[in-house]
Structures are given as C-alpha cells and as structure tokens.
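Colleague: turn this into a structure:
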Amino acid sequence: DWGSSIGRINPELTTFGAQADLLTVQKGAFLAGLNFIYTSLVDPEQDLVTFRPVHVGQRCFCGFKALILPGVILQDGSAAGEGCILQPGTVVHTGKSRLAHDIQ
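Modeller: Coordinates of the predicted model:
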C-alpha cells in the first residue's frame, strides 16, 4: 500500500514530479484528458525541491487541461474548470472554482 487511493482515471492523466504517496484521487472523481498534476515544485534559485500532497475528493470534476499544483485540495463534489490553474495550496470548495490563468 503506497498510501494512494486511485479511483477511475482517464489514461491520459499526466503527473509530473508526482510521488505516489502524495497523490490521492477518490472514487467517483472524473479527470478529463490532459490534466497535469504536480506534487513537487523546483526552485532553481535556492536549489530546492518542495513536495506537497494533492487530494482530489469523491465526485470531483477536473476539466480538460486543468493544471493542479502541489498542495491543492479539491473537496468532495467540487469542480475545476477547463484550462484552469490551481495555485499551490488552493482549496476548492464544493461547487466553486476560480480560473487563475487561461491556458492558450
């Protein structure tokens, strides 16, 4: 047991810098194609890598090309829209998500 709870995930899910024990995707979550989930960030100026867990709750929806950065928590039943960027440490509450940046 690596500490992950992986529900049904689209095979096109892309995880860069993801540690298996830092990524939790609960049952019923839907991740559309080409999502990017990061559990680590690199700060080249300080020669430092920071790891933070990412949690995707039950019945969550992540739209196409959503970028999920370390420390993000998508609470049960919440949604992250197509092309959104969820900044490190963001908590998305049920029924609410914010478009921080538009991916072109």
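Colleague: please count neighbours and contacts with C-alpha atoms only from this point.
Modeller: Will do.
Colleague: could I get the full set of strands for this protein?
Modeller: Using DSSP state E, the strands found in the chain span residues 14-16, 23-25, 30-31, 36-38, 40-43, 48-51, 54-56, 61-62, 67-68, 73-74, 79-80, 85-86, 91-92.
Colleague: ok, now how distant is the residue nearest in space to the middle of the chain from D76?
Modeller: Geometric centre of the chain, nearest residue: I68, 3.6 Å, by Cα atoms, centre = their mean. Separation of I68 from D76 (Cα to Cα, to the nearest Å): 16 Å.
Colleague: circling back to that earlier point, so what's the residue nearest to the centre of the chain up against?
Modeller: N35, F36, I37, Y38, I85, L86, Q87, P88 (Cα atoms under 8 Å, 6 or more residues apart in numbering).
Colleague: which of these lies closest to F61?
Modeller: Nearest to F61 among the contacts of I68, counting by Cα to Cα, is N35 at 11.1 Å.
Colleague: isn't that closest one up against A66?
Modeller: Yes: using Cα atoms under 8 Å, N35 makes contact with A66 at a distance of 5.0 Å.
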